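Colleague: starting from these lines, generate the structure:
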Amino acid sequence: MDISHDFLDQLQGIVGQSHLSVHKEDRLCYAYDGTAAVYLPDVVVFPATTAEVAGIMQAAADYRIPVIPRGGGSGMTGGALPVKGGMVVVFNRMNRILSVDQENLIARIQPGVITAVFQDHVKKLGLFYPPDPSSAAFSTMGGNLAECAGGPKAVKYGVTRDYVRGLEVVLPTGEIVRTGVETAKGVVGYDLTRLIVGSEGTLAMITEATVRLLPLPESVMTLTAAFESMDRAARAVAQFVRHPHVPRTIEFMDHTAIGLAEDYLHLGLPVDAGALLLMEVDGNKSDIKAIARNLEAESRRMGARVVSIADDEAQAAQLWQARKALSPALFKLAPHKINEDIVVPRNRIPDLVTKIDELRQQTGLIMVAFGHAGDGNIHFNIMLDKSDPTAVKKAHAAVDALFDYTLQLGGTISGEHGVGITKAPYLKKELSSDSIQLMRRIKTAFDPLGLLNPGKIFPEWVPPSQMPA
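Modeller: A predicted model of the protein is given here:
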């Protein structure tokens, strides 16, 4: 795409010469995300204020330049990729925690705040922000909002959208709009906040968010339970989520994932087990040991072969390190990865795991499953060498079959990664034509020129303004 000197001069007047770049080495830094696909933007800009974002968007509209908002670049479906070139807007300068209201349990933040930094900040104040994607150490709150990130604690505490009270956003047409409220209740007009959260940067650019907080639990304990099979583990999960003290996390690893984590970190994990559950319980200090012991006894009653309670925070941290190390450890098996985050009802996890075993045997490909058993969210990974066309063809056929089976079980093809570009071809599997058309009309209402994060969710979509006469 040709970027005119007039447009660049206008950008420079908005953010200053040092906060934009057209140099290839700078643009390459923002040409990829967690998918490892590469699309080179034409210009990268770094705003510091909402007014600058509005100015950038107005200039883009004047010159018909595509605009791609970007957080930490950790997304797994290509949501931050400039697939049609244009301008990447990076929010790392808008990284302030603006306020924390300890009486009303809310905080105001900018989109460039690192998730873990925010969590640590409020923790020091005795407060708790539960959404915790595995990328929390480097993902941004803006990215989490755009993708409606989840994480292990969703089983008890919910996902990002459950903690967003209101937003400040810049529309593709340049207007600055505030949505939502700071109060616990508010039903005036349409709920634009929940519409924008999870919209993958296709409707508006988030410049500020008001999020709710919880009191910090006094104590947390971590347990592992090893089972002979995934079927037994899943039946135990169904029992645990009905417990009066539901665990705040229930993660699982299949047999292959257990061996991979053990080989990576050497923690003494039970590599001969069919499935391993990693669980956390939280509560008052006076009750936490009893809650953990109760869960231990319940695990044994449900068929757990070995149950262990972490002795201290350091040991618990090691166990979580094993879980979070799985994604990078997968590359010890093959150079490339296809990663999907399907969700099924909890009681259908054994059926899904059986299907994965069938696909593994049919294709001969390396497949690994782990994820959030507490809410049925399975991270399904195919490891392969993409230079092998036969393996690639088999892998895509396996994904297609698994998506069909997931929907047959009453599930969804994406629990927390979004649609982006990688799942867009499968959208019609889950959504009706009428639903997709309604979403397109919403997109047009927000973005009549089709400039904001084009090619995402609806890759074939053409805005009315660009349709031939």
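
Colleague: and the lowest mean pLDDT element among the helices and strands of this protein?
Modeller: helix 326-329 (a mean of 84; mean pLDDT, DSSP states H and E).

Colleague: can you get me the start-to-end distance on stretch 290-310?
Modeller: Terminal residues of stretch 290-310 lie 14 Å apart, using C-alpha to C-alpha, to the nearest Å.

Colleague: distance between the ends of stretch 188-203?
Modeller: Where stretch 188-203 begins and where it ends lie 21 Å apart, using C-alpha to C-alpha.

Colleague: show the pLDDT at R235.
Modeller: According to the per-residue confidence, R235 scores 88 in pLDDT.

Colleague: show me the contact partners of the least confident helix or strand of the chain.
Modeller: 134, 253, 257, 260-261, 263-264, 339, 368, 370 (C-beta atoms under 8 Å, 6 or more residues apart in numbering). Every C-beta, even on glycine, is put in place using the N, C-alpha and C of the backbone.

Colleague: any of these buried? List them.
Modeller: Buried by 16 or more other C-beta atoms under 10 Å: 134, 253, 257, 260-261, 264, 339, 368, 370, out of those.

Colleague: where do the strands sit along the stretch 51-200 of the chain?
Modeller: Along the stretch 51-200 of the chain, counting by DSSP state E, counting those that start in this stretch, strands occupy 67-70, 87-90, 97-101, 106-109, 127-128, 164-170, 176-180.

Colleague: give me whichever of those strands is most buried.
Modeller: Of all the strands of the stretch 51-200 of the chain, strand 67-70 carries the top mean neighbour count, a mean of 27, counting by mean count of other C-beta atoms under 10 Å.

Colleague: counting by contacts, list what that strand packs against.
Modeller: Here strand 67-70 touches helix 50-63, strand 87-90, helix 141-147, strand 205-212, going by 3 or more C-beta pairs under 8 Å, 6 or more residues apart in numbering; DSSP states H and E.

Colleague: domain map for this structure?
Modeller: Following automatic domain parsing, one gets these domains for the chain: 1-216+431-469, 219-327, 333-425.

Colleague: Q318 contacts Y264, correct?
Modeller: No: with contacts defined as C-beta atoms under 8 Å, Q318 does not count as touching Y264, sitting 11.8 Å away.

Colleague: so of the contacts of helix 326-329, which ones are in strands?
Modeller: Counting by DSSP state E, those place 253, 339, 368, 370 in strands.

Colleague: got the contact list for the first one?
Modeller: Under the criterion of C-beta under 8 Å, 6+ apart, the contact partners of M253 comprise 261, 275-276, 278, 323, 326, 370.

Colleague: determine the longest helix present in this structure.
Modeller: helix 389-408 (DSSP state H).

Colleague: just after that one, pick out the following helix or strand.
Modeller: Sequence-wise, the next helix or strand downstream of helix 389-408 (DSSP states H and E) is helix 427-430.

Colleague: going by neighbour count, list what's buried in that following helix.
Modeller: Result for helix 427-430 [16+ other C-beta under 10 Å]: buried residues 427, 430.

Colleague: who are the packing partners of it?
Modeller: Taking 3+ C-beta pairs under 8 Å, 6+ apart as the contact cut, helix 427-430 packs with helix 389-408.

Colleague: with only the CA atoms kept, save the helix it packs on in PDB.
Modeller: Output in PDB follows, covering the C-alpha atoms of helix 389-408 (Å, rounded to 0.1, in the frame of the first residue of the first chain):
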ATOM      1  CA  PRO A 389       2.300 -31.000   2.400                       C
ATOM      2  CA  THR A 390       0.800 -34.400   3.300                       C
ATOM      3  CA  ALA A 391       1.000 -33.600   7.000                       C
ATOM      4  CA  VAL A 392      -0.500 -30.200   6.500                       C
ATOM      5  CA  LYS A 393      -3.400 -31.600   4.500                       C
ATOM      6  CA  LYS A 394      -4.000 -34.300   7.200                       C
ATOM      7  CA  ALA A 395      -3.800 -31.700  10.000                       C
ATOM      8  CA  HIS A 396      -6.400 -29.300   8.400                       C
ATOM      9  CA  ALA A 397      -8.700 -32.300   7.800                       C
ATOM     10  CA  ALA A 398      -8.300 -33.300  11.400                       C
ATOM     11  CA  VAL A 399      -9.200 -29.700  12.600                       C
ATOM     12  CA  ASP A 400     -12.200 -29.700  10.300                       C
ATOM     13  CA  ALA A 401     -13.400 -33.000  11.700                       C
ATOM     14  CA  LEU A 402     -12.700 -32.000  15.300                       C
ATOM     15  CA  PHE A 403     -14.700 -28.700  14.900                       C
ATOM     16  CA  ASP A 404     -17.600 -30.700  13.500                       C
ATOM     17  CA  TYR A 405     -17.500 -33.100  16.400                       C
ATOM     18  CA  THR A 406     -17.200 -30.200  18.900                       C
ATOM     19  CA  LEU A 407     -20.300 -28.600  17.600                       C
ATOM     20  CA  GLN A 408     -22.100 -31.900  17.600                       C
END
